[in-house]
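>>> any chance you could fold what I've pasted below:
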Amino acid sequence: MENVLSVAIGAGIGLIGVMFGSWFTTRRQDRMWLREQKLKAGVAFNAAVVQLIDYLRETRLSDDGAGGNELAGRMQEARSALFLLCADDTVDLANALARRVWTSRPSEGREDRRAEHRETVELLRRFTQQLRQEIART
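Presented below is the predicted three-dimensional model:
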């Protein structure tokens with residue numbers, strides 16, 4: 001009887017260990033998946049924003065035809081993924097950056113518009129840094 005009880009206790013402890021190990025592994029895989037999805041969305045958003053900023057330095061969205069609209073669509077798609085995956089601080093910066101890009105005007109050598117461009121690039125840097133910190137915490 002004593003041997004059966006020892007075996008049952010050992011088996012119970014082993015089963016609990018397996019359950020905890022499985023739970024920890026699943027949580028780790030979930031975090032890794034979330035980190036990967038945030039990274040993909042952030043890279044897509046950054047790439048679309050940079051391309052759109054460069055594109056809009058010479059023209060406006062309403063004047064451009066299909067090229068700018070495609071870039072804007074890619075930016076919006078990536079921003080939607082960020083909304084679903086990221087914390088409020090990161091989403092707020094993505095919103096601010098998207099609004100800033102939407103109002104971009106061709107620089108045409110004007111100092112005030114070049115200053116706007118520099119501010120947009122600085123906002124992009126802040127967004128990238130915020131996203132990097134969030135991914136590191138995930």
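>>> could I get the average pLDDT for the helix or strand where Q133 lies?
Using DSSP states H and E, Q133 sits in helix 111-137. In this model, helix 111-137 has an average pLDDT of 90.
>>> which residue comes closest to the residue minimising distance to the centre of the chain once chain neighbours are left out?
Central residue of the chain (C-alpha atoms, centre = their mean): G42, 3.4 Å from the mean position. Distances taken as C-beta to C-beta, 6 or more residues apart in numbering place L131 nearest to G42, at 4.5 Å, with adjacent residues excluded. Every residue, glycine included, has its C-beta placed from N, CA and C.
>>> how about that neighbour, what does it touch?
By C-beta atoms under 8 Å, 6 or more residues apart in numbering, L131 lies in contact with 38, 42, 82, 86, 90.
>>> coming back round to it: got the contact list for the residue nearest to the centre of the chain?
Neighbouring residues of G42 by C-beta under 8 Å, 6+ apart: 78, 82, 128, 131, 135.
>>> for the host helix or strand of N69, buried residues please.
Using DSSP H and E, N69 sits in helix 66-85. Under the neighbour-count criterion of 16 or more other C-beta atoms under 10 Å, helix 66-85 has 68, 71-72, 74-75, 78-79, 81-82, 85 buried.
>>> what residues does that helix touch?
Residues outside helix 66-85 that contact it (C-beta under 8 Å, 6+ apart): 34, 37-38, 40-42, 44-45, 47-49, 51-52, 55-56, 59, 61, 90-91, 94-95, 98, 101-102, 131.
>>> one more pass at 7 Å, please.
Contact with helix 66-85 is made by 34, 37-38, 41-42, 44-45, 48-49, 51-52, 55-56, 59, 61, 90-91, 94, 98, as judged by C-beta atoms under 7 Å, 6 or more residues apart in numbering.
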